[in-house]
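S.K.: Have a look at this prediction, sequence included:
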Amino acid sequence: MKKLILLISIAVACSAPAPTAQEVVDKAISQAGVDKLKNGEASFTFRDIDYTYMMHGGDFIYTRTQKDSLGNQVKDVLDNEGLFRYINDTLVNLDQERQAAYTSSVNSVIYFAFLPFRLNDAAVNKSYVGEVEINGKSYNKIKVTFDAEGGGEDFEDVFYYWFDTEDYSMDYLAYSYNEEDEGTGMRFRIAYNSRKVNGVTIQDYRNLKPKVKDSVPLEQINQAYLDGKLEELSLIELEDVVINY
């Protein structure tokens, strides 16, 4: 009888359906506590540049403050109306190209800082790729693409995320990009220094790229990492993080 029960248990376990991408992302967002940012405020420093974040009831304000080469204070403010640049508190006119570039830059830093928070946005398309193993741990691999409407200037970028099957931590992510100044490329990020700030998970990342450009398909980049085909490009580190809600 015990052997029969064991066999039935094994059969049930083997036949368990794979989770949906939505289920994985929902659990990851809950585990990371980033859902608190729907109505919250935050600030942090990234590469000696100060950022702030505010979102309440669908209204948002992101700011980026830095010094230019002449010592002037340059402040970019991105909100529901668009991006506005101030130099020493004076609003300056921006052409369309620069406004788009600054918008993308500010939004990108905020997006990455609080992942996986924005993975339930309306323009996000998620699909479950499968369960994979990286360095002895099992992960749910999720692919993300974006609709043209609401997906931002870089809506054609493709992302992959790897969530631990046990605790749903987001330990790895990868993405492709196409920039005018850099051309096409891809990155693979490895999370480290994961910590809770007022109940919200904040992580730093090792930022890797293929050793040989265009030699690795994005969908196989996790295997390329294991095969030693990637090299470290930079570190993504957030300092002086403060979160309130």
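M.R.: Now that the structure is in, tell me what you want to look at.

S.K.: Check the average confidence over the helix or strand harbouring Asp240, would you?
M.R.: Here Asp240, judged by DSSP states H and E, is contained in strand 238-244. Average pLDDT, strand 238-244: 98.

S.K.: in its sheet, what does the host helix or strand of Phe44 sit against?
M.R.: For Phe44, the host element (DSSP H and E) is strand 40-46. Counting by DSSP bridges, the strands paired with strand 40-46 are strand 49-56 (antiparallel), strand 238-244 (antiparallel).

S.K.: if we can go back for a sec, ok, and for the strand holding Asp240, which residues are buried?
M.R.: 238, 241, 243 (16 or more other C-beta atoms under 10 Å). No exception for glycine: its C-beta is placed from N, CA and C like everyone else's.

S.K.: what would the residues you listed look like in TSV with distance to Glu156?
M.R.: TSV is the format used below for the buried residues of strand 238-244 (distance: C-beta to C-beta, whole Å):
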residue	distance to Glu156
Leu238	27
Val241	31
Ile243	31
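
S.K.: with those residues in mind, which one is nearest to Gly199?
M.R.: Checking the buried residues of strand 238-244 against Gly199 with C-beta to C-beta, the nearest one is Ile243 at 7.9 Å.

S.K.: Regarding this protein, what is its longest strand?
M.R.: Scanning the chain for the strand with the most residues, using DSSP state E, yields strand 183-197.

S.K.: So what angle separates the directions of that one and strand 238-244?
M.R.: 60 degrees (axes from the mean of the first three to the mean of the last three C-alpha atoms, to 10 degrees).

S.K.: Could you export strand 183-197 as PDB, CA atoms only?
M.R.: Extracted in PDB, the C-alpha atoms of strand 183-197 (Å, rounded to 0.1, in the frame of the first residue of the first chain):
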ATOM      1  CA  GLY A 183      23.200  49.600 -32.700                       C
ATOM      2  CA  THR A 184      21.800  46.300 -31.600                       C
ATOM      3  CA  GLY A 185      22.900  44.300 -28.600                       C
ATOM      4  CA  MET A 186      21.900  42.300 -25.500                       C
ATOM      5  CA  ARG A 187      22.600  42.200 -21.800                       C
ATOM      6  CA  PHE A 188      22.400  39.600 -19.100                       C
ATOM      7  CA  ARG A 189      22.100  40.700 -15.500                       C
ATOM      8  CA  ILE A 190      22.900  38.700 -12.400                       C
ATOM      9  CA  ALA A 191      21.300  40.000  -9.200                       C
ATOM     10  CA  TYR A 192      23.300  40.400  -6.000                       C
ATOM     11  CA  ASN A 193      23.100  42.400  -2.700                       C
ATOM     12  CA  SER A 194      19.400  41.800  -2.500                       C
ATOM     13  CA  ARG A 195      18.000  43.600   0.500                       C
ATOM     14  CA  LYS A 196      14.700  44.900   1.800                       C
ATOM     15  CA  VAL A 197      14.100  48.600   2.100                       C
END
